[in-house]
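>>> Dropping a prediction and its sequence here:
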Amino acid sequence: MIATPLDQAEGLRRMRARKPVKVIAVASGKGGVGKTNVAVNLAVALAQQGAKPLLFDADLGLGNVDILLGLSPRYNLSHVVSGEKSIEEVLVNGPQGIRVLPAASGIARMAVLDGLAQASLIQAVSNLDIDVDYLLIDLAAGIAGDVLTFSCAAQDVIVVVSNEPASITDAYALIKLLSRDHGVRRFRVLPNMVRDQREGQMLFQRVAAVADRYLDVSLDLLGSIPLDPALRSAVRSQRAIVELYPDSPAARALRELATTVRSWPLPAGPAGHIEFFMERLLSAERSLQSL
């Protein structure tokens, strides 16, 4: 499914007619740091606070948002890319009324989509005619092409990091690549699975110290999520911890994160940076056609 310039232009007109949507990418330099758990619980916590989030599983070849939420979608984004189904037909309902766009799992071709296919997915998501005020994009771990594409289409990038050397090194590499090659200048850093707030602050300072020395970026500390045995139990039960164990330390921290996210200003226009991203794509296509 590749959108033509006319399709994309029509999408832009429709995006301008709708209310602003806050687009947030949830990223990590490496796997195993709890990124998807953060994205899932942030979506549910936002819904608990009265927001209307759409959770987009953008780990296209190894998606597991549906598994963490105990969902059994009949279709996923691979059916959209193949042209078999529309985005609307793939959408499923999750807890607290959140909407979920499930990714494929174990389909190799989905993990290597080219730039136009990635842009077409963004276009299809931006054309959804549903009442949403937050679009949370749960990215694949690392620095693959789709991670960079979807990060550039977001207004805010949350980088989840744990207190281990590989996570810190890879988080810095992700920030460096997005800032140096793609113009992303602001990152929200979320220490996860830490013993206490002090450890979270020290972890943030380790990332910030290197970034401040070598990069022209702004890093914000988003608080921290404590290591909590209740989270393992929630994962086994395929439930969000903010629902299953609302009084647990991790659930309280995740609700605080949702409150912080709701304090961020909405984009100035209906589509925010998605629109700017699509306009750049359209401009590049017109330049190629004029050659």
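Received the coordinates, thanks. Numbering: from 1, shown residues only.

>>> low-confidence ranges in the protein?
Within the chain, the segments meeting pLDDT under 70 span 1-19, 61, 105-122, 126, 145-146, 268-291.

>>> what residues are up against the residue positioned nearest the centre of it?
A centroid search over the chain (C-alpha atoms, centre = their mean) returns I137, at 2.3 Å, as the residue closest to the centre. Contacts for I137 (C-beta atoms under 8 Å, 6 or more residues apart in numbering) come out as 23-26, 56, 58, 150, 153-154. Quick note: C-beta positions are derived from backbone N, CA and C, even for glycine.

>>> Tell me where this protein has strands.
22-27, 53-58, 92-93, 99-101, 134-139, 156-161, 186-194, 218-221, 225-226 (DSSP state E).

>>> Could I have the CA atoms of the second one written out in CSV?
So the one you mean is strand 53-58. What follows is strand 53-58, C-alpha atoms only, in CSV (Å, rounded to 0.1, in the frame of the first residue of the first chain):
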residue,chain,number,x,y,z
PRO,A,53,-5.6,7.5,23.2
LEU,A,54,-4.8,5.4,20.2
LEU,A,55,-1.9,2.9,20.7
PHE,A,56,0.0,2.2,17.5
ASP,A,57,2.2,-0.9,17.8
ALA,A,58,5.0,0.2,15.4
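
>>> Can you tell me the strand partners of that strand and which way each runs?
When pairing is defined by DSSP bridges, strand 53-58 lines up against strand 99-101 (parallel), strand 134-139 (parallel).

>>> What lies in contact with it?
With contacts defined as C-beta under 8 Å, 6+ apart, strand 53-58 is touched by 39-40, 42-43, 46-47, 63-66, 77, 94, 98-103, 125, 128, 130, 132-140, 146-147, 150.

>>> Could I get the strands of the chain in a markdown table, plus columns for distance to A209?
Listed next are those as a markdown table, based on distance: least, C-beta to C-beta, whole Å:
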| stretch | distance to A209 |
| --- | --- |
| strand 22-27 | 20 |
| strand 53-58 | 30 |
| strand 92-93 | 42 |
| strand 99-101 | 37 |
| strand 134-139 | 25 |
| strand 156-161 | 13 |
| strand 186-194 | 12 |
| strand 218-221 | 10 |
| strand 225-226 | 21 |
